[in-house]
Structures are given as C-alpha cells and as structure tokens.
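Enquirer: Return atomic coordinates for the entry below.
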Amino acid sequence: IAIEQIVFQGVADPTAKITQAAITAAKIPFNLSQDQLLRVTLLRLEETRFVVLFTLHHIIADGWSMEILIRELGVGYRAALMGQMASWPNLPIQYADFSVWQHQWLQGENLENQLAYWRKQLDINQSVLQLPTDFPRARVQTYRGAAEQFSLSSALRQQLAALAQGRSATVFMTLLAAFKVLIYRYTGQSDLVVGTPIANRHRAEVEGLIGLFVNTLVLRSHISPHSSFPALLAHIKTTTLAAYDHQDLPFEKLVEALQPERDLSHSPLFQVKFRLENAPQETLSLPGLTFKRLPQAVTTAKLDLSVDLYETPNGIVGGFEYNCDLFKPDTIQRMVQHFQTLLAAIVAAPNQPIAELPMITAAERQQQQSDWNNPQKP
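Expert: Numbering: from 1, shown residues only. The predicted structure follows:
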C-alpha cells in the first residue's frame, strides 16, 4: 500500500481542493509490474478533520469489494484503539482460488454452453446506437466525461416496486425497461442492446472476498411501439433471467469469441450502460470519528452514456454519465427530465402503448404552446 499525506490547513473552503486532489489521484496511471495497486492519500484539513482517498486499480477490486474494505477498516481501527491485533473472519478461499476455479471451469462443455447462448442472443453486426448527439462522433473514441445527477422520490420508488411485484419482476428490470423505452423514443431503433454490470458473486464462498468479480452482461431487447409496458417488462424479465444463467462467461471472452468488427470510434457490442445498485452501503460507527462518504468527481466516460442508480431509504439517486465530446450538458439534463417524466407516466398508466407514453416535461409543453401561439416568433 502506498500512503501519502497532504496538508490543507488554513484553507477556508477546502471543497475545491479535495475534489481536485481526488481527480489528480485518480488520473495517476498504474504500472502493473511495479506499482502498489492500492494508494491511500490522507488530506489533513484541520487538527481533527481529515479526508481519506482510496485509489485502487480495478484489477484488484470492484464495487462490492469497497464495502468489504470499509467494514474491515473499521475492525482494524477499533482494534488499534484498544492496542490489540485486529481479528477478521477466516476466509474459506482466496481470490486466487476463485481465479483458478474460473479458468478450470470455463473449458469444454461449460464454455461451449455459455458461448452458444450468447452467440444465439447477440448479433455481431448489431448497429451502433444512434442517439442524437450535439457533436459528430470522433474517428477515435474519446473518454472526456461528466455526469448529471438526479433523484427519484421514495413515493415513485414504491410505485415502481409495486408495478414490478405485480409482474413478478424486480425494480431493476422495471427501470431497465423504462430506460429502453427512453432510448427507443430518442433513436427510433427497435433492436436495442444495453450493457449492465453484475456482481457475479452467486456463490457464498466469494461474498467476503476483495477482488474483481464483477462481469458485464449484454441485454438485447426488441421494442414494439404498439405493445404495452407490462409486455415489454415481461420480455426484459425473460432476457435478463436467461443472461443471469449465463453470467460466468467474462465479457472480454465474449468479445474475443464473437469478434465483432472493431471501430475505434465506439465500444464493441454496446454503447450505453444501465446499472441499479441495491446492496446497502457499508457505514462506519467508530469511536471519536464521524464517517461520511464524499461524492466522486466524474471526469471520464467509458461509453457514450451510462446510467448509474442507487437505492436508498429516501428513494433512488444516481446520474447520467456522458461523453462530453458527444453531448452538451443541457442535452443530458433534458434527457434526465424525460426519463423522470416517463417513469411517472409508466406507474400512472402502464398499459398505454409505449409510443404514446408521455415524455415531454410541463415546461417543454408550455414552451411548445407558446411557440405555436406566436407564429411570428423566429
């Protein structure tokens, strides 16, 4: 572990410096053959106020791992205060054991069964998603990104949960179906492919391990504008459950096997991602300390558009992460508003045809009416 301390004492409002320090730490590349893959930066703001930045290479940890790391840091801190050795639970296996098992299992019939499903499910000549962009797509994909944050109320979350439960589906499936309606309405493309990460920890032995278990699933759906939302939800439920049954094939192996035509201007197989994180975030209650998570600054975008949502006791929070070289901020803000309007319309009248679900906000409708009533307006 590489540890560094930076002192910011005397700064009236250190928020900007904390954000810049986090961005700087995240941008420092890792040399996998030489560097420590976990870096800790301690920002000292006042005599009793600190910010700790953890920078990890994704090769050693995923989102689930961070909750384990926070929990085990708490165990170590309490033990240190008492002058004792920390006592962590014994692990039945190590990450290296999982890696060996995965390599051995993904061979022969098991590998062919996984590949056969995905070859049938996906089209290597799938069209690039044609979201209307503000700027032309560069010949080489860029990764300059930003994010538009938003929230969904607890009441709307409960309505979505009730809608999902009535169709024996999950909130994730329901939100994904709504997102695909949004993408269909923006592009007019009825054959849609969206990527989604999955924890890939469906064995109890690996639930307590820190490591890179997360995998990416590619979910393909066919949208019919005349069908109802429940019909689309049923289709997405079937597709999602089948993908879960074939989640052991690593995404990189899938790309290697399918060999889609590569183009440096966009990512292979899908260009948008959707995620709902519903695992409770670990909190710390430590003697003499107040623990608070700080939001991450978004300056990169791996895809054209990524939606990351998190369930909380007060509703759903999250954001649309987007490529700044494709979209302007106000375009993404409007897309977020359309998504929120669409979700409210779905829970209010789910049986409407997908093409007729309202998406325009009240402010946009008023603007349109104003323009129609003033034909002389340029």
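Enquirer: isn't residue 193 right up against residue 219?
Expert: Yes: if you go by Cβ atoms under 8 Å, residue 193 and residue 219 touch, sitting 7.1 Å apart. To be clear about C-beta, it is placed using only N, CA and C from the backbone, and glycine gets the same treatment.
Enquirer: Report the contact partners of residue 58.
Expert: By Cβ atoms under 8 Å, 6 or more residues apart in numbering, the residues touching residue 58 are residue 212.
Enquirer: ugh, wrong one, I meant residue 127
Expert: With contacts defined as Cβ under 8 Å, 6+ apart, the neighbours of residue 127 are 189, 191.
Enquirer: cutoff 10 Å now
Expert: 187, 189, 191, 192, 193 (Cβ atoms under 10 Å, 6 or more residues apart in numbering).
Enquirer: same thing with residue 149?
Expert: The contact partners of residue 149, by Cβ under 10 Å, 6+ apart, come to 295, 298, 308, 317, 318, 319, 320, 321, 336.
Enquirer: Please tabulate those residues in a markdown table, including the columns pLDDT.
Expert: Listed next are the contacts of residue 149 as a markdown table, based on pLDDT from 0 to 100:
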| residue | pLDDT |
| --- | --- |
| 295 | 73 |
| 298 | 80 |
| 308 | 95 |
| 317 | 94 |
| 318 | 93 |
| 319 | 95 |
| 320 | 97 |
| 321 | 97 |
| 336 | 97 |
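Enquirer: Check which helices and strands the strand or helix carrying residue 39 sits against.
Expert: In the assignment (DSSP states H and E), residue 39 maps to strand 38-46. If you count contacts as 3 or more Cβ pairs under 10 Å, 6 or more residues apart in numbering; DSSP states H and E, strand 38-46 packs onto strand 2-7, helix 15-27, strand 49-56.
Enquirer: how about the helices of the chain, start to end?
Expert: For the chain, applying DSSP state H gives helices covering 15-27, 63-81, 95-105, 108-121, 154-166, 171-187, 229-244, 251-258, 329-348, 362-372.
Enquirer: ranking those by burial, who's on top?
Expert: Across the helices of the chain, the average number of neighbours (mean count of other Cβ atoms under 10 Å) peaks for helix 171-187, which reaches a mean of 22.
Enquirer: got the angle for that one vs helix 329-348?
Expert: Inter-element angle recorded for helix 171-187 and helix 329-348: 120 degrees (by axes from the mean of the first three to the mean of the last three Cα atoms, to 10 degrees).
Enquirer: Contacts for the strand holding residue 39, please.
Expert: Residues outside strand 38-46 that contact it (Cβ under 10 Å, 6+ apart): 1-11, 14, 17-18, 21-22, 24-26, 28, 30, 49-57, 60-61, 69, 210.
Enquirer: Let's see it as CSV, backbone CA atoms only.
Expert: C-alpha atoms of strand 38-46 as CSV (Å, rounded to 0.1, in the frame of the first residue of the first chain):
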residue,chain,number,x,y,z
LEU,A,38,-3.8,0.4,-3.6
ARG,A,39,-2.9,4.0,-2.9
VAL,A,40,-4.1,5.9,0.2
THR,A,41,-3.9,9.7,0.3
LEU,A,42,-4.6,11.4,3.7
LEU,A,43,-5.8,15.0,3.3
ARG,A,44,-5.3,16.9,6.6
LEU,A,45,-7.8,19.8,6.7
GLU,A,46,-7.8,20.7,10.4
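Enquirer: In ChimeraX, select just the buried ones from the contacts of residue 127.
Expert: Buried subset of the contacts of residue 127, written as a ChimeraX selection, criterion 16 or more other Cβ atoms under 10 Å:
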select :192,193
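Enquirer: Now, the contacts of residue 127 that are in strands?
Expert: Using DSSP state E, the subset of those located in strands is 191, 192, 193.
Enquirer: any idea how far the residue lying closest to residue 186 once chain neighbours are set aside is from residue 303?
Expert: Of all residues not flanking residue 186 in the chain, residue 131 sits nearest, at 5.9 Å (Cβ to Cβ, 6 or more residues apart in numbering). When distance is defined by Cβ to Cβ, to the nearest Å, residue 131 is 11 Å away from residue 303.
Enquirer: contacting residues for the residue nearest to residue 186?
Expert: 183, 186-187, 189, 271-272, 304-305, 322, 326-327, 331, 335.
Enquirer: now the residues you listed as a markdown table including distance to residue 226 and pLDDT?
Expert: Converted to a markdown table, the contacts of residue 131 look like this (distance: Cβ to Cβ, whole Å; pLDDT from 0 to 100):
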| residue | distance to residue 226 | pLDDT |
| --- | --- | --- |
| 183 | 17 | 97 |
| 186 | 18 | 97 |
| 187 | 17 | 96 |
| 189 | 16 | 95 |
| 271 | 26 | 96 |
| 272 | 24 | 97 |
| 304 | 28 | 97 |
| 305 | 26 | 97 |
| 322 | 30 | 97 |
| 326 | 31 | 97 |
| 327 | 30 | 98 |
| 331 | 28 | 97 |
| 335 | 24 | 97 |
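Enquirer: Same list (those) but as TSV, adding distance to residue 159.
Expert: Putting these into TSV (distance: Cβ to Cβ, whole Å) gives the following:
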residue	distance to residue 159
183	22
186	24
187	27
189	28
271	30
272	25
304	29
305	25
322	27
326	32
327	29
331	28
335	21
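Enquirer: Which member of these is positioned nearest residue 364?
Expert: Set against residue 364, the nearest of the contacts of residue 131 by Cβ to Cβ is residue 335 (12.1 Å).
Enquirer: can you pull the contacts of the residue nearest to residue 210 when sequence neighbours are not counted?
Expert: Once flanking residues are discounted, residue 210 sits nearest to residue 65: 4.3 Å by Cβ to Cβ, 6+ apart. For residue 65, the contact set (Cβ under 10 Å, 6+ apart) comprises 56, 58, 95, 209, 210, 211, 212, 213, 214.
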